[in-house]
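Participant: sequence-free structure coming up:
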């Protein structure tokens, strides 16, 4: 039995290492899913910069309209560019065959990425692209090194280079870490405006990961209150039923 447990623990070590995530500290996204204006801005960024390559196939346009305080007409006119109907899922026009031929593999669906990666990871990831001429798209990322994705928001943020520092460990092995960034080509937004835009985008991606989460949390409070009341009533009933025995 002990040997079986030991084998299972050894087998899980690589998975734990992968789950540990990046070694750099993540910035707090501080998103607000109650802020519908933020979610609307995030939806606009998502359909303009993400939905051309990445689908969100588990989310429907009309559900998005209802939850974000938009009409179906507003969504159809401003947020659908693929010819899809407002009741359809948020798919892309590019086929999987074309995506495989152009990129080597189809870009992943983004419906659940905020749940799998975390909003802080996404927020930091979208703000840590930097110039790296050795990469196919000319950029790299501090959170996701050697990522096979261009910096799609570069027109908004601009292009920056990383400042690095190299240290040598006790075994004589050099280690290079990123200490900061220097803007090379400014974008159309200031750093503060870009951070807010990324926060809006991450908030929208957190929303599509679980559209009913606010309702679930609201109902959860009432369920817990009901259970507390039920506990009190059950305890009083138990005392009443057993009073003659005890």
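Facilitator: Noted; the coordinates are in hand. The shown structure was predicted, so the numbers you read here are calculated from the model rather than taken from an experiment.

Participant: what's the longest strand in the chain?
Facilitator: strand 174-186 (DSSP state E).

Participant: Skip ahead from it and say which helix or strand is next.
Facilitator: Later in the chain than strand 174-186, the nearest helix or strand by DSSP states H and E is helix 191-209.

Participant: Tell me where this structure has helices.
Facilitator: Listed in chain order, the helices of the chain (DSSP state H) span 2-19, 36-45, 61-67, 72-78, 96-103, 113-117, 119-125, 154-157, 191-209, 213-242.

Participant: Now tabulate those in CSV and tack on mean pLDDT and mean neighbour count.
Facilitator: (Each C-beta comes from the backbone N, C-alpha and C, glycine too.) Formatted as CSV, the helices of the chain follow (pLDDT from 0 to 100; neighbours: other Cβ atoms under 10 Å):
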stretch, mean pLDDT, mean neighbour count
helix 2-19, 41, 9
helix 36-45, 96, 20
helix 61-67, 94, 19
helix 72-78, 93, 14
helix 96-103, 77, 12
helix 113-117, 95, 17
helix 119-125, 97, 22
helix 154-157, 96, 17
helix 191-209, 97, 21
helix 213-242, 89, 10
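
Participant: separation between the residue most central in space within the chain and residue 90?
Facilitator: The centroid of the chain falls nearest to residue 114 when counting by Cα atoms, centre = their mean (2.6 Å). Distance, residue 114 to residue 90, by Cβ to Cβ, to the nearest Å: 14 Å.

Participant: for residue 113, same thing?
Facilitator: 13 Å.
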